[in-house]
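*Asks:* Need coordinates for the below:
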Amino acid sequence: MTLPKSQKAFQINMGEQLRTLRRSRGETQRAVAQAIGISVNTISKFENGRSEKCGIGLLFELCRYYGVRPHELAGG
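*Replies:* Next up, the predicted model:
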């Protein structure tokens, strides 16, 4: 399945934001994955814009963990 350009751009922006937030806290992907209860592979895919699925529950869990609002993950 090919994603629309706008959705792909959102994924890339979200991934960059997730990586920036994680690094600013000095955390590893493993630490974030364990804290949220997902796999390191999932975190890696999000950060690299390769994941086509991010359920609303996981989105809000990531936001809660990092203390940001959903639109902030899109760079907005």
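
*Asks:* ranges for the helices of the protein?
*Replies:* With DSSP state H, the ranges of helices along the chain come out as 5-24, 29-36, 40-47, 56-66, 70-73.

*Asks:* neighbouring contacts of the third one?
*Replies:* What it means is helix 40-47. 11, 14-16, 18-19, 22, 29-30, 32-33, 50-51, 54, 62 (C-beta atoms under 8 Å, 6 or more residues apart in numbering). For glycine as for every other residue, the C-beta is placed from the backbone atoms N, C-alpha and C.

*Asks:* do the shortest one as well
*Replies:* Among residues not part of helix 70-73, those counted as contacts by C-beta under 8 Å, 6+ apart are Asn13, Met14, Gln17, Leu18, Leu59, Phe60, Leu62, Cys63.

*Asks:* Check what pLDDT the closest residue to the second one other than its chain neighbours gets.
*Replies:* Read it as Met14. The shortest distance from Met14 to any non-neighbouring residue, by C-beta to C-beta, 6 or more residues apart in numbering, is to Leu73 (4.6 Å). At Leu73, the predicted lDDT confidence score is 79.

*Asks:* ditto for Arg64
*Replies:* Looking at Arg64, the pLDDT reads 95.

*Asks:* tally of neighbours for it?
*Replies:* The local packing of Arg64 (other C-beta atoms under 10 Å) involves 10 other residues.
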